[in-house]
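K.L.:
give me coordinates for this.
(chains A and B)
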Amino acid sequence: MNNTLHIAGREFSDNARTKGFWINLLMFPVILFASVKVPQLLEEKAKPTRHFVLVDQSGELESVVDGGLDRHYQRDVARKLVEYLQIHAMPEESEAEEKPNMADLLEQLPANAMDFNPTGDMSQSVIDMLDQLDPGIIAMLGEPGMLDGILAMMKPKLKPDAPDFEAPRHMLERAEMPEGAWGEIDPMTASKEEIVAHMKPFLLNQEKFSDHEDPLFALVVIPLDALQRLQGKDKPPIDPLIAPQLGVQFWSTNLTDKDLAQVVERALNHEVQGRELLARGLDGNEVQAAQSTKMLFATFDPKKAVGEEVVSVADTVRKWAPVGFVYLMWVAIFTVVNMLLNNTVEEKSNRIIEVLLSSATPWEIMSGKLIGIACVGLTMMVAWIFSLLGVLKFMAGPSVEWAGVLFEVIQTSGLLPLFALYFFCGYMTYSGLFLAIGSLCSTVKEAQNFMGTATIILMVPLFTMVFVTMDPHGTLATFLTWVPLYTPFVMMNRAAADPPMFDLIGTGILMLVTVILMLWLSSRIFRIGVLRTGQPPKILELIRSITTPLKNQ
Amino acid sequence: MSDYQYAVELNNLTKRYGDFTAVKEVSLQVPRGAIYGFLGPNGAGKTTTLRMILDIVKPTSGSLTVLGAPSAMDVRERIGYLPEEKGLYKKMKTWAVIAYFARLKGVGGKEAKQRAYELLERYGLKDFSDKKVETLSKGMGQKVQVLASIAHQPEFVILDEPFSGLDPSNQQVMEDVISDLNKAGSTIVFSTHVMSHAERICDRLLLIAKAEKIFDGTIPEAKAIIPKMVNLSGVDDPNKLRALPGVTSAESTDGLPGSYDVCMADDADPQQLLRDCFRDDIELTSFNYREPTLHDVFLHLVGEDAKVASFR
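P.N.:
Model (predicted):
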């Protein structure tokens, strides 16, 4: 027993001392944090303002595009305002029974905002309302004085040390061509080809087009007859081959950032749809009102207690959280069993194993390695889970609402103990397998060959993760549940969907039997394998050597 | 410490791998306190025999006792083992490797660390104590491994090819280690295919070839097996030589003209042969009598086959 612990201790410190292990430990929270924060930061700070030149030969649509840009900007403002208020508003003192109708309140706001003193728990109402990004409210936000009004109104509700609200910068901006930049052509009458040819050097960033530091992002050309070439159900069809030549053209070297193109397209379509309504004698507001009519619709879960059946965000998160756990488990198990494999091959290839065998029984060596590596895995898991919780708690806020929910779910759903159980069973099964492989291979290279095949087989739980979550009691899920190599992963995957008792207990027994069988088998193979030299044995040879007594080997 | 007469006793020990017989019916007694050499060409069965003694490999048939116990596993804390192919954990510090193996043999943590440092100092590796094993040269690594196998002060040490890969000065260090251990009361079994080491330090030896024991006993006993041999050159008439008393044969030495290897009867005296040569007026340019080496003994016992085997 002592020897088992010595061996376990050495395995642990040997692996825990490697740089890779620490990088692994630290990378997880860093990546987790970065994967949420970096895109946000990039969006806010690093992404340059998209400047574009608009050539509107129709002469009617420039203001339409500007309006679209404005609405887009106001959405950014609203989003940022929500974030600002959520971070800096003081915690609610009491749950307000009656929430005031904010839309009504805001209508009067610009006039009397300064002497407006909100009562009750209005700050949350403001946040909720803005958070819905309702087009009406957003349009209102763009009215002069409105933003200041809301800020003034909310001021008493903010924490004393709250900084001033900083409006976001304009991400999309229309740029005017500087005086004389058009040269000899008149953009109002020139052909599209001429305009594009003239603008190409600017678009390709070969020539600076103004004092702007950012290069010209795009050119939008609205031809003279754009408004006559509308598409629709009762409009004459246009040959799709030539259609792109006829309508509005959006020129840009950046094909991935679709924001600007979408904003412009949406604004133009919104405008022509409005005109179409008018032309047909319909009232745009009426149509909008009619289109916004909705049935009340909610999703319920019969498994939940009476009164709580409504499916919330938390339920969705809860349903999908196991996917994260499966992934975590998979990564952790394969990281550590790889350590096990490498250590075993190392010991075998440099003959340390012989010294070990003269000092300890094969069983002691094996169990020592299993325990030592398991501790490495546990350390990693514990560190990951704590950093996951930490990062979630830290990030839980307006922009990453799911983080807070996930934090709650992980803490309360009872998934953690199940995770511990399945991690243990999965680890034991796979470590047995990899220990056996390791003991049969004389070089790391040979082991890698086995690993290739093994990895493909072991990828299955990852591939099926999403399908199992969507249909946790379906044929695929049930089938994979009973494949011993996949049981821990699939059961973890199904854990949130309350699998039937039969599956829970049945797979519990199955896993136990698998673990015992695996350890027995691998101890046999280990015993024979570690002293073997040369090529790994053929399958038949292997079966024979497992079944024959040691003295005849 | 239990009472036993022989550190190792083997009775008809046999190991077969399928159709291949690695060790065939070897019986042996290693007296307590002896330095016992296992000699034989590569593939003779030395390592397999040592592994069976250590209970790393199970014998197919036959029985053995180690330090009076039926299995080395029962007394493993009193045994030290240096395997044939040398290797250590590369990423561990030198002292830690030695201490680790000592701890596996039941030495306490502090004690193990202290002994590791002492041994490293005694054998000239003090400066490397806190370095990682991967920084050591091959020879140093091998020394460290030897130290790791004896740090728990075993009463019985098995060294498989302890000299291979060492330069002459380190081979000397290795011989010193062995004699230090022996002086401290340990029984030592080591294998080698280099006869000269065995000849210098062994009390007793086992000669093994093609899985079978061909001799065991002391070195004088081994040497007594082969006839005394005198090399004469400048001989004009070998027939006169062959007629001398005590001469059993006189064969031309590798076809060299006038050079003859003369084998003598066990009780014959080389001095008398020289006198007889003068008396009978046999022409000589040189007379060369030398003690037989273990190599000669081995060649004699194994015959021509052994010459083919890789020997130095």
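
K.L.:
domain parsing of the chain, as residue ranges.
P.N.:
Using chain A here. Domain ranges of chain A: A:90-157, A:310-552, per automatic domain parsing.

K.L.:
wait, chain B
P.N.:
If you go by automatic domain parsing, chain B breaks into B:6-222, B:227-291.

K.L.:
want to throw the ones you listed into CSV with distance to residue A:201 and mean pLDDT?
P.N.:
For every residue, glycine as well, the C-beta is placed using N, CA and C. Putting the domains of chain B into CSV (distance: least, CB to CB, whole Å; pLDDT from 0 to 100) gives the following:
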stretch, distance to residue A:201, mean pLDDT
domain B:6-222, 59, 89
domain B:227-291, 93, 83
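
K.L.:
comparing the domains of chain A, which gets the lowest mean pLDDT score?
P.N.:
Among those, domain A:90-157 carries the lowest mean pLDDT, at a mean of 60.

K.L.:
how long is that domain end to end?
P.N.:
Using CA to CA, to the nearest Å, one end of domain A:90-157 lies 6 Å from the other.

K.L.:
only the buried residues of the helix or strand harbouring residue A:347, if you could.
P.N.:
Counting by DSSP states H and E, the element that carries residue A:347 is helix A:313-349. For helix A:313-349, burial by neighbour count (16 or more other CB atoms under 10 Å in any protein chain shown) applies to A:314-315, A:317-349.

K.L.:
do the same with stretch B:289-304
P.N.:
For stretch B:289-304, the neighbour count (16+ other CB under 10 Å) marks B:289, B:292, B:294-300, B:302 as buried.

K.L.:
neighbouring contacts of that stretch?
P.N.:
Stretch B:289-304 has contacts (CB atoms under 8 Å, 6 or more residues apart in numbering or on different chains) with B:39, B:195-196, B:198-199, B:205, B:207, B:209, B:214-215, B:219, B:222-223, B:225-226, B:228-231, B:270, B:306-307, B:309, B:311.

K.L.:
what does stretch A:184-195 give?
P.N.:
A:55, A:57, A:59, A:177, A:198, A:219, A:221, A:223, A:245, A:249.

K.L.:
what's the farthest-apart pair in the residues you listed?
P.N.:
Using CB to CB, the two most remote members of those are A:177 and A:245, lying 23.2 Å apart.

K.L.:
neighbour count: these two, which is higher?
P.N.:
residue A:177 (18 against 11; other CB atoms under 10 Å in any protein chain shown).

K.L.:
and the more buried one, which of the three is it?
P.N.:
At residue A:177 the chain is in coil, as set by DSSP: H, G, I helix; E, B strand; the rest coil.

K.L.:
which non-adjacent residue is nearest it?
P.N.:
residue A:53 (5.9 Å; CB to CB, 6 or more residues apart in numbering or on different chains).

K.L.:
any idea of the pLDDT on that neighbour?
P.N.:
89.

K.L.:
just to be sure, it is in a strand?
P.N.:
Yes - assessed with three-state DSSP, residue A:53 lies in a strand.

K.L.:
specify the beta-bridge partners of it.
P.N.:
On the basis of DSSP bridges, residue A:53 is bridged to residue A:175, residue A:219.

K.L.:
residues near it, how many?
P.N.:
Neighbours of residue A:53 (other CB under 10 Å): 23.

K.L.:
what's the answer for residue A:145, then?
P.N.:
12.

K.L.:
show me what contacts the residue of the stretch 101-250 of chain B found nearest chain A?
P.N.:
The nearest approach of the stretch 101-250 of chain B to chain A comes at residue B:104, 4.1 Å away (CB to the nearest CB). Residues in contact with residue B:104 (CB under 8 Å, 6+ apart) are A:3, A:6-7, A:356, A:359-360.

K.L.:
could you find the closest non-adjacent residue to residue B:251?
P.N.:
residue B:261 (5.3 Å).

K.L.:
which strands or helices does the host helix or strand of that neighbour pack on?
P.N.:
Using DSSP H and E, residue B:261 sits in strand B:260-264. On a contact count with 3 or more CB pairs under 8 Å, 6 or more residues apart in numbering or on different chains; DSSP states H and E, strand B:260-264 meets strand B:228-233, helix B:238-243, strand B:247-252, helix B:270-279.

K.L.:
out of those, deepest packed?
P.N.:
strand B:228-233 (a mean of 19; mean count of other CB atoms under 10 Å in any protein chain shown).

K.L.:
could you check the angle that one makes with strand B:260-264?
P.N.:
150 degrees (axes from the mean of the first three to the mean of the last three CA atoms, to 10 degrees).

K.L.:
pull up the pairing partners for strand B:228-233, direction included.
P.N.:
strand B:260-264 (antiparallel), strand B:286-289 (antiparallel).

K.L.:
how far does that strand sit from its chain's centre?
P.N.:
Strand B:228-233 sits 28 Å away from the centroid of its parent chain (CA atoms, centre = their mean, to the nearest Å).

K.L.:
what sits up against that strand?
P.N.:
B:241, B:253, B:256, B:258-264, B:266, B:268, B:270, B:273, B:277, B:284-290, B:292, B:296.

K.L.:
wait, doesn't residue A:368 sit right on residue A:2?
P.N.:
No - taking CB atoms under 8 Å as the definition, residue A:368 is not a contact partner of residue A:2, at 10.0 Å.

K.L.:
of those two, who's got more company?
P.N.:
Each of residue A:368 and residue A:2 has its neighbours counted (other CB under 10 Å); residue A:368 has more, 25 against 12.

K.L.:
who are the neighbours in contact with the more buried one?
P.N.:
A:3-8, A:10-11, A:360.

K.L.:
for residue B:157, same thing?
P.N.:
B:79-82, B:149-150, B:181, B:186-189.

K.L.:
which ones among those residues are found in helices?
P.N.:
If you go by DSSP state H, the contacts of residue B:157 have B:149-150, B:181 in helices.

K.L.:
near chain B, which residues of chain A?
P.N.:
Within reach of chain B by CB under 8 Å from any CB of the partner chain, chain A has these residues: A:2-3, A:6-7, A:10, A:14, A:17-18, A:346, A:349-352, A:354-361, A:531, A:550-553.

K.L.:
buried ones among these?
P.N.:
Judged by 16+ other CB under 10 Å, buried ones among the residues of chain A next to chain B: A:3, A:6-7, A:10, A:14, A:346, A:349-352, A:354-361, A:531, A:553.

K.L.:
distance between the ends of stretch B:238-250?
P.N.:
7 Å.

K.L.:
that one: how far from the chain's middle?
P.N.:
On CA atoms, centre = their mean, the centre of stretch B:238-250 falls 36 Å from the chain's centre.

K.L.:
so the residue most central in space within chain B, which of the three states?
P.N.:
For chain B, the residue nearest the mean C-alpha position is residue B:37 (3.2 Å; CA atoms, centre = their mean). Put simply, residue B:37 is strand when judged by three-state DSSP.

K.L.:
ok, it touching residue B:190?
P.N.:
Yes - taking CB under 8 Å as the definition, residue B:37 is a contact partner of residue B:190 at 6.1 Å.

K.L.:
circling back: would you turn the buried residues of stretch B:289-304 into CSV with secondary structure?
P.N.:
Formatted as CSV, these follow (three-state DSSP):
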residue, secondary structure
B:289, strand
B:292, coil
B:294, helix
B:295, helix
B:296, helix
B:297, helix
B:298, helix
B:299, helix
B:300, helix
B:302, helix
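
K.L.:
closest one to chain A out of these, please.
P.N.:
residue B:302 (25.7 Å).

K.L.:
show me where the stretch 1-150 of chain B has its helices.
P.N.:
Taking DSSP state H, counting those that start in this stretch as the criterion, the stretch 1-150 of chain B contains helices spanning B:46-53, B:94-104, B:109-122, B:138-150.

K.L.:
could you measure from the residue in the stretch 301-450 of chain A that chain B sits nearest to over to residue B:205?
P.N.:
Closest residue of the stretch 301-450 of chain A to chain B, CB to the nearest CB: residue A:350 (2.4 Å). As judged by CB to CB, to the nearest Å, residue A:350 and residue B:205 stand 29 Å apart.

K.L.:
try residue B:89
P.N.:
34 Å.

K.L.:
the two: which is more packed in?
P.N.:
Counting neighbours by other CB under 10 Å for residue B:89 and for residue B:205 shows that residue B:205 has the greater number, 26 against 20.
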